[in-house]
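Trainee: Structure for the following, please:
(2 chains)
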Amino acid sequence: MAVASSGTATVTLPTDEQILITREFDAPKDLVYKAWTTPDLVKRWWSANRGEVTVAEIDLRVGGKWRYVMIAEGGFEVGFHGEYREIVPNERIVSTEVYEGIPDAEAEAALNTLTLTEADGRTTLTILAEHRNKEGRDAHINSGMEAGMQDAMDLLEEVAISLS
Amino acid sequence: MAMARAATTADAFNAVAEPRRRQILDVLAGGERPVNDLVYVLGLPQPQVSKHLRVLREVGAVDVRDEGRQRFYRLNGHALKPIHDWVKEYERSWSERFDRLDAVLEELKEKEEGDGSGK
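Mentor: Numbers count the residues shown, from 1 in each chain, chains lettered A, B, ... in the order given. Take a look at the predicted model:
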C-alpha cells in the first residue's frame, strides 16, 4: 500500500522483506545517474536537511565499495557503506547497504536496487531495499524496517479512524 | 536508507513482527472479541493464544476488560502509531533528499545547455 506523502517521494512496503521508494524527476536519466554517482554531487543532497555529508566515496564498478557518512544535527555520526553488485550506466545499480550504527552490521546488509526510467525527458527513480534471508529480515526488526510492517500498516489503515 | 528508530518504539515493533500476533490484531481490527473467539479463529491452544495476548498487552497494542466470566480484548491503535510514524519519518527524509537532488539536477541541466552540446 502507498503511504500517503506530503512530499513527492512515495514509500511503499511491497512485502515483509522489502521497502520501495519512488520519485519522479524533471530531468533526463543520465543527469539523475550523474547526480547519484558523483561524490561531490552526492554530498550536496544525500544529507537531506539533517546534517552535513562528510564522506562520499564511490568506487563505481562491480565489486567496488561505497561509503557515505553524515554528521547529523546534534553532532553524531551516521555511516553507511556497501558494495556494488551490478551496474548498468544510467539505468540500474544494485548494491549492498550496511547501516554502521547497529551491532553485527555486516550480517544485516540490505540489497538495494536503483532503477531509472525516462519518459518525455522526465525520470522515474525507484529504490527497492530488500533482505535476502531470515537473518537480514530479523536484523531489520532491530534497525527499524522490520518484517511485519506491511501487515501493521494495513492494520493501521483499518483503524485509522481511531487514530484521528 | 536504513534509519535508526527511536528505542522507545521497539516493543511495539517486536510485538507485531510475530505472524500469530499480527493475526490476532487483524481479528481485533474488526472489533472487540472474547478470548474464546480468538482461540477458535487462530486454531491454537489457549495457553499459546494467551501468551501472545500478554505480549500485545505489554506493549499496549490491545486492551482487555472482564465482563462476567468473559475476558474481552480490543485493539488499541495508538500503541501501533509509532510504526506508522516511523514510515512517515522515513518518507520525509527521502523527500528532503530528493528536493535537494532536484536543485542539483537543475544545475546540471543548465550547465549542459550552457555547453551548447544539445545532448
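
Trainee: So which residues of chain A form helices?
Mentor: For chain A, helices defined by DSSP state H occupy the ranges A:29-37, A:39-45, A:134-143, A:149-158, A:160-163.

Trainee: how many neighbours does residue A:114 have?
Mentor: Other residues near residue A:114 number 20, with proximity taken as other Cβ atoms under 10 Å in any protein chain shown. For every residue, glycine as well, the C-beta is placed using N, CA and C.

Trainee: before we move on, back to that, pick out the shakiest of the helices of chain A, pLDDT-wise.
Mentor: Comparing mean pLDDT across the helices of chain A, the weakest is helix A:160-163, with a mean of 39.

Trainee: that's a helix at residue B:40, yeah?
Mentor: Yes: under DSSP: H, G, I helix; E, B strand; the rest coil, residue B:40 sits within a helix.

Trainee: Neighbours of it, how many?
Mentor: Neighbours of residue B:40 (other Cβ under 10 Å): 13.

Trainee: Can you give me the pLDDT of it?
Mentor: 93.

Trainee: Likewise for the one 5 residues further on?
Mentor: Residue B:45 carries a pLDDT value of 94.

Trainee: List the beta-bridge partners for residue A:79.
Mentor: Judged by DSSP bridges, the bridge partners of residue A:79 are residue A:69.

Trainee: ok, it to chain B distance?
Mentor: Note on residue A:79: its distance to chain B, by Cβ to the nearest Cβ, to the nearest Å, is 11 Å.

Trainee: How about residue A:10?
Mentor: For residue A:10 relative to chain B (Cβ to the nearest Cβ), the value is 7 Å.

Trainee: any idea how far that residue lies from residue A:74?
Mentor: Residue A:10 is 28 Å from residue A:74, where distance means Cβ to Cβ, to the nearest Å.

Trainee: can you check residue A:93 too?
Mentor: Taking Cβ to Cβ, one finds residue A:93 at 31 Å from residue A:74.

Trainee: out of those two, which sits in the more crowded spot?
Mentor: More neighbours surround residue A:93 than the other of residue A:93 and residue A:74, with 22 against 7 (other Cβ under 10 Å).

Trainee: residues contacting that one?
Mentor: A:36-37, A:84, A:86-87, A:113-114 (Cβ atoms under 8 Å, 6 or more residues apart in numbering or on different chains).

Trainee: same check, this time on residue A:126
Mentor: A:20-22, A:113-115, A:117.

Trainee: ok, which of those also contact chain B?
Mentor: The subset of the contacts of residue A:126 within reach of chain B, by Cβ under 8 Å from any Cβ of the partner chain, is residue A:21.

Trainee: related to what we said a few turns ago, just the closest of the contacts of residue A:93 to residue B:101, please.
Mentor: Nearest to residue B:101 out of the contacts of residue A:93 is residue A:36 (Cβ to Cβ; 8.0 Å).
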